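In: what's the 3D shape of this:
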Amino acid sequence: MTCKYVIRMAIVFVSVMAAPATVRPQAPARPTKPPVTKHPHDLDSSYIRMPLPAAEKKYGGLEGEHIKSFDREIVAVSEQSKAEGDLLWGRVAGTKYDDMVEGIVEAKFKQFGLQDVHRQYFDLPPQWFPTKSEFVATSAGKTWRLETARPATGSVSAPRGGLDLDVAWVGLGTAADFAGRDVKGKLVIIQSMPMPGVVSHSAVYNGSARRAAERGAAAVALNVAIPGNFQVQIGFNSGLPTFTMGTEDTAALREALEKNPVKVHVELETESRSGLRDASVWGVLPGTTDEDIIVMAHHDAYFDGALDNASGMSVMLGLAEFFAKIPREQRRRTLKFVTTSGHHAGSFGTQWMHDNRSTFLAKTALVINCEHVSVTQAYFDRSGPFLHNSDNIDARRWWVNGSDKLAATALAAWKTFGVTVYDTMDSNASGDMGAIDRDVPTMQLIESAVYYHTDHDTPQIVPAPGLEAVARGYAKIIDQVNTMDRAQLMPAPPSTTSAARR
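Out: Alright, predicted model coming up:
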């Protein structure tokens with residue numbers, strides 16, 4: 001597929017826009033996804049589930065639907081934030097909903113019988129919140145509201161009373177797209193290719209926002225060209241009032257611009273809130289030695305956050321419940337479970353571990369990070385601007401900092417339970433693991449997909465068999481790691497040649 005064809009596909013990712021506030025301009029006929037009239041396929045009951053091998057019956061208690069019940073309970077907290085009308089809704093760090101989900105974890109730990117259950121509080125730096133957002137377009141005497149337009153994380157406010165702006169379409173926002181274009185004082189619209197989702201996308205690599213600001217734009221609107229009309233919460237800091245928009249809304253705006261001039265009225269008010277705090281919630285299952293294994297998952301989220309990161313929290317809770325039923329004398333190492341603080345606000349929970357690594361991690365044999373662990377595999381439709389979910393589970397990126405023996409143990413366990421992974425390991429750990437990835441032996445599975453940081457990150461895209469497979473794999477890894485001495489788990493020291501080269 002040529003680059004030219006890919007760009008054309010990005011521009012035609014459009015379908016029928018939501019009902020307008022008044023009357024929306026007539027758009028050219030576009031393909032519509034035909035309704036399914038026969039042979040319905042229920043994905044939830046059709047995901048491939050690996051049979052439990054006879055030799056692994058002990059892990060049968062880690063059951064997918066039970067683990068997913070934790071996911072739904074956590075997501076319900078986000079839904080309360082949405083129902084109360086929060087513009088930045090979800091389990092946002094430092095908010096009462098963040099505190100509520102910490103309370104759920106704390107209660108579960110106590111219910112399971114964990115010891116030393118407590119919260120470790122961190123003061124957050126001033127946090128950005130939008131308080132008002134408006135995005136209305138007018139063309140040929142007709143006016144409509146773009147319902148998916150929302151403030152990009154960290155955006156500056158617009159002047160009081162808002163801005164009334166002409167619109168400039170700059171495609172992918174490369175230097176070639178801006179060449180010869182007058183964008184001064186205008187709203188610049190950038191369409192970006194997902195690589196593969198809404199956080200990693202082409203406009204980031206192209207420096208599109210910086211280019212718009214340097215050329216005198218008054219505001220920026222970004223669309224990551226995922227089929228549909230997703231609301232997206234990402235940072236895209238141009239130093240200007242900045243919005244994200246769904247693909248269908250963006251297409252309607254572009255089509256209107258192709259026929260007539262378009263004016264856009266935008267309002268954006270934001271504030272910085274000080275004095276907020278967030279907590280890591282700890283629970284402990286004592287072992288028979290002074291060494292430990294840490295299992296962690298961050299708890300803050302935008303929107304429902306069913307994948308990011310209720311899925312990881314659910315697996316962490318499932319593992320805590322599973323190992324709590326095993327007598328202490330059968331646990332070689334103490335198991336520490338923690339839902340970590342302030343991931344989207346600076347990963348304070350794991351940063352604290354790193355800052356105190358010489359003492360806190362001195363006896364740690366392994367850290368497992370549970371993050372974005374199970375999501376349906378999605379495909380772009382070849383015949384139109386549509387997105388299909390499948391009855392398969394996306395492969396996960398993976399990371400192991402440790403010995404070859406530890407890596408082989410992890411890969412074998414994941415294979416046993418049908419956990420799909422990429423062909424090669426990540427070159428560095430991402431997500432909440434980043435602060436401590438090389439401090440001690442560490443591992444994680446993580447997959448970001450097209451859904452996370454969007455309003456489509458719901459329980460429907462989190463397959464229960466995927467939660468089950470990951471939980472069973474991690475449980476087996478913990479058991480096998482407990483048969484190895486810490487020295488067997490550590491990564492090989494760098495060679496003298498490598499050290500000298502650095």
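
In: neighbours of N260, just the number please.
Out: Neighbourhood size, N260 [other C-beta atoms under 10 Å]: 12. (Glycine included, C-beta is placed from N, CA and C.)

In: does L43 sit in a helix, a strand or a coil?
Out: Three-state call for L43 (DSSP: H, G, I helix; E, B strand; the rest coil): coil.

In: leaving out the residues flanking it, which one is nearest to it?
Out: What sits nearest to L43 in space, not counting adjacent residues and going by C-beta to C-beta, 6 or more residues apart in numbering, is D391, at 5.1 Å.

In: so the chain: which segments form each domain?
Out: Listed by automatic domain parsing, the domain ranges of the chain are 54-126+275-489, 128-271.

In: reformat the ones you listed as CSV; add mean pLDDT and distance to S45.
Out: Below are those laid out as CSV (pLDDT from 0 to 100; distance: least, C-beta to C-beta, whole Å):
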stretch, mean pLDDT, distance to S45
domain 54-126+275-489, 96, 9
domain 128-271, 95, 24
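
In: same list, the ones you listed, but as a markdown table with distance to I48 please.
Out: Converted to a markdown table, the domains of the chain look like this (distance: least, C-beta to C-beta, whole Å):
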| stretch | distance to I48 |
| --- | --- |
| domain 54-126+275-489 | 6 |
| domain 128-271 | 22 |
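
In: beta-bridge partners for T334, please?
Out: In this structure, T334 bridges to D292 when assessed by DSSP bridges.

In: measure it to S314 for me?
Out: Using C-beta to C-beta, to the nearest Å, T334 is found at 22 Å from S314.

In: do the same with I461
Out: With the distance defined as C-beta to C-beta, I461 ends up 14 Å from S314.

In: these two: who's more crowded?
Out: Neighbour count, other C-beta under 10 Å: between I461 and S314, S314 has more, with 31 against 24.

In: surely that one and D71 touch.
Out: Yes: counting by C-beta atoms under 8 Å, S314 touches D71, with 4.4 Å between them.

In: overlap in contacts of these two?
Out: Taking C-beta atoms under 8 Å, 6 or more residues apart in numbering as the criterion, S314 and D71 both touch L467.

In: give me every residue that touches S157.
Out: 241, 268-270.

In: go on, Y451?
Out: Contact analysis of Y451 by C-beta under 8 Å, 6+ apart lists 197, 307, 375, 378, 457, 461.

In: before we move on, back to that, mind checking which of the contacts of S157 are in strands?
Out: Counting by DSSP state E, the part of the contacts of S157 found in strands is 268-270.

In: now rank these by neighbours and give me the top one.
Out: Within those, L268 tops the neighbour count with 26 neighbours, counted by other C-beta under 10 Å.

In: hmm, back to that, can I get the ones in strands among the contacts of S157 in TSV with distance to P494?
Out: Shown next, in TSV, are the ones in strands among the contacts of S157 (distance: C-beta to C-beta, whole Å):
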residue	distance to P494
L268	49
E269	51
T270	46
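
In: with those in mind, which one is nearest to V183?
Out: Within those, proximity to V183 (C-beta to C-beta) peaks at L268, which comes in at 18.6 Å.

In: wait, isn't that closest one in contact with A149?
Out: No: using C-beta under 8 Å, L268 makes no contact with A149, being 9.7 Å away.

In: mutual contacts of these two, please.
Out: With C-beta under 8 Å, 6+ apart as the test, L268 and A149 both reach 133, 243.

In: what segments of the stretch 201-350 of the chain are helices?
Out: For the stretch 201-350 of the chain, the helices defined by DSSP state H, counting those that start in this stretch cover 202-206, 208-214, 247-259, 312-324, 348-355.

In: out of those, which is the most enclosed?
Out: helix 312-324 (a mean of 26; mean count of other C-beta atoms under 10 Å).

In: pick the one among the ones in strands among the contacts of S157 closest to F236.
Out: Distances from F236 to those, taken by C-beta to C-beta, are shortest for L268, at 13.4 Å.

In: who's that closest one bridged to?
Out: On the basis of DSSP bridges, L268 is bridged to S133.

In: pull the contacting residues for D177.
Out: Contact analysis of D177 by C-beta under 8 Å, 6+ apart lists 170-171.

In: and it, which of the three is it?
Out: Of the three states, D177 takes helix under three-state DSSP.

In: what comes up buried for the helix or strand containing T131?
Out: Taking DSSP states H and E as the definition, one finds T131 inside strand 127-139. By neighbour count on 16 or more other C-beta atoms under 10 Å, the buried set for strand 127-139 is 127-130, 133, 135-139.

In: does I446 touch S430 like I think?
Out: Yes: applying C-beta under 8 Å as the test, I446 and S430 come out as touching, 6.3 Å apart.

In: joint contacts of those two?
Out: Contact criterion C-beta under 8 Å, 6+ apart; residues shared by I446 and S430: 397, 399.

In: who's more crowded, these two?
Out: Neighbours were counted for I446 and for S430 using other C-beta under 10 Å; I446 has more, 22 against 17.

In: and the gap between that one and N428?
Out: I446 is 12 Å from N428, where distance means C-beta to C-beta.

In: find the residues that touch each one of those two.
Out: W399.

In: out of the buried residues of strand 127-139, the closest to A487 would be?
Out: Nearest member of the buried residues of strand 127-139 to A487, counting by C-beta to C-beta, is Q127, at 42.5 Å.

In: beta partners for that closest one?
Out: R273.

In: ok, it - contacts?
Out: 93-94, 272-273, 276, 345.

In: and A107, by the same measure?
Out: A107 neighbours (C-beta under 8 Å, 6+ apart): none.

In: assumed it was part of a helix.
Out: Yes: counting by three-state DSSP, A107 falls inside a helix.

In: now the residue of the chain most remote from its centre: how far from E267?
Out: Ranked by distance from the centre of the chain (C-alpha atoms, centre = their mean), the top residue is G141, with 39.9 Å. Separation of G141 from E267 (C-beta to C-beta) stands at 22 Å.

In: so where do the strands sit in the stretch 251-400 of the chain?
Out: 263-273, 277-285, 292-298, 301-302, 334-340, 364-370, 376-380, 387-393, 397-401 (DSSP state E, counting those that start in this stretch).

In: alright, calling it a day.
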